[in-house]
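**Student:** Any chance you can model this:
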Amino acid sequence: MKIKRPKEGELIPAYPSHNAGFRSLGNLDPGRLSTILANLDAGDIAEAMTLFDEMEEKDLHLGAVSQTRKLAVVARDRTVIPASDDDEDKKIADFVKDVFTSIPQKPAAFTRLLSAVTHGFAIAEIVWEISDGMVTIKDLIGRPQNIFTFIDHEEPARLLDFPRLIEQGTGRGAPLPREKFVFHRHQSGDSACVRAGLYRGISWYYLFTSFTIKDWLTFIDIYGIPLRLGRFKPTADDTARDVLKDAVMNLGSDAAAVISDDTSIEFIQSALAGDHSLFREAAEYFNRQKSKRLLGQTLTTEGQDKGSFALGKIHDQVRNDIVAYDAMALDETINCDLIKPLVDFNFGVRKRYPRVVTSLVSAGETDMKLEQVEKLVAMGAKIPARVVAEITGIPITGDLDESLVSRKGAAA
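**Tutor:** Predicted coordinates:
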């Protein structure tokens, strides 16, 4: 039984007019950050989402590390696996594959969806299109998080499971059709998705880093430029003294001055009354904490003098585990919110659906993975074909829940 077909076109404009009020937060201090995070916990997420966007834009280290985690997933290959070896399931999988591969700018949409890791959730709008009696996907467009709210105005004490669009003027949330959106959540324990984003905790280190950089720049401004001392003889008149004063004041930027013989300028190099390394070490420490929170380690983002190749390989493996987790979580969301409704609209509700699977194998690793699987199967391990397909990234037809058997076992 087919379900009711979706509405075509976009529901949310690319740049909502009411989003203009959340473009910049300006100066941030501990009191304001505490208020923003308290509102976030209560479901009023607009300012927090704007802050998280600004953090990624203004903090170059944070932006680079976050981009590394996202692109490690976006750059992977993906394939569509049929629900079974049945001819109809293969036909459905072929249709899904054609539609999925033809979606324009998937990397941009997936990058937006993966911002759920840092923001707690992410949304992409599905632009449905009906052509020749078939429902297809014209586009998949990421939407900014700060135009949504999780506040239930009928029951303010309860957070919504699915966000609503903030209405211009009223500030209240307008319900959204579920089949129009891919809603990706970052799972972090039992926390609600508004509290699950990694930037929630990192925001304090972002604040500390901004203070440290400002203090460091002030230190450099005071101690990094030599003191310009103007001297004049008793015979110098008022005009010569005024010229000398202007020359001393402007010499830092002009690097040139014309003065009379009765005056002179002396440069006194500062002995650096304070230890400037304190600010650098503080900034580096805060950056390391951000890296640990996002990547689980620091060696792949910073050239540590005390690092070793072996330790770096271990840390890179930790990062690979994070990539695998992010990829599998995104696959689940894509299969639930994109592939399932696509199949339902065209073929009706089914017991099982084709799946989009992200390959977790890098170039050259497929043979190694297959060798490991072959050894395990030869030892009697029961490994479903579906698991092998997901591990190796190789499409496998047939009953995907059936365990693989060795050639010797099959011959016997």
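
**Student:** for the stretch 201-350 of the chain, what are the low-confidence residue spans?
**Tutor:** Residues of the stretch 201-350 of the chain meeting the criterion pLDDT under 70: 212-227, 251-260, 262, 265-283, 285-286, 293, 296-318.

**Student:** Please enumerate the helices of it.
**Tutor:** Counting by DSSP state H, counting those that start in this stretch, the stretch 201-350 of the chain has helices at residues 238-254, 277-295, 309-334, 340-347.

**Student:** could you pull out the strands for the protein?
**Tutor:** Assigned by DSSP state E, the strands in the chain fall at 78-81, 121-131, 134-143, 148-151, 159-166, 173-174, 181-185, 227-232, 263-268, 355-358.

**Student:** could you redo the ones you listed as a markdown table and give each row distance to residue 191?
**Tutor:** C-beta: built from backbone N, CA, C; applies to glycine. Output for those, formatted as a markdown table (distance: least, C-beta to C-beta, whole Å):
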| stretch | distance to residue 191 |
| --- | --- |
| strand 78-81 | 29 |
| strand 121-131 | 12 |
| strand 134-143 | 23 |
| strand 148-151 | 13 |
| strand 159-166 | 11 |
| strand 173-174 | 21 |
| strand 181-185 | 10 |
| strand 227-232 | 54 |
| strand 263-268 | 57 |
| strand 355-358 | 25 |
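
**Student:** Near the closest residue to residue 356 other than its chain neighbours, how many other residues are there?
**Tutor:** Closest residue to residue 356 apart from its sequence neighbours, by C-beta to C-beta, 6 or more residues apart in numbering: residue 334 at 5.1 Å. If you count neighbours by other C-beta atoms under 10 Å, residue 334 ends up with 25.

**Student:** My guess is residue 334 contacts residue 140. True?
**Tutor:** No: contact between residue 334 and residue 140 fails when scored by C-beta atoms under 8 Å: they sit 9.5 Å apart.

**Student:** Let me see the domain layout of the protein.
**Tutor:** 1-217+276-359, 225-269, 361-412 (automatic domain parsing).

**Student:** highest average neighbour count across those domains?
**Tutor:** domain 1-217+276-359 (a mean of 17; mean count of other C-beta atoms under 10 Å).

**Student:** Distance of the most centrally placed residue in the chain relative to residue 161?
**Tutor:** Nearest residue to the geometric centre of the chain (C-alpha atoms, centre = their mean): residue 115, 3.4 Å. Between residue 115 and residue 161 the computed distance is 19 Å (C-beta to C-beta, to the nearest Å).

**Student:** repeat for residue 90
**Tutor:** Residue 90 is 35 Å from residue 161, by C-beta to C-beta.

**Student:** Output stretch 367-376 as CSV, restricted to C-alpha atoms.
**Tutor:** Taking C-alpha atoms only, stretch 367-376 is exported to CSV below (Å, rounded to 0.1, in the frame of the first residue of the first chain):
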residue,chain,number,x,y,z
ASP,A,367,42.0,-7.5,0.5
MET,A,368,43.1,-7.4,4.1
LYS,A,369,39.6,-7.3,5.4
LEU,A,370,38.5,-10.2,3.2
GLU,A,371,41.5,-12.2,4.4
GLN,A,372,40.4,-11.6,8.0
VAL,A,373,36.8,-12.6,7.2
GLU,A,374,38.0,-15.8,5.4
LYS,A,375,40.1,-16.9,8.4
LEU,A,376,37.2,-16.3,10.8
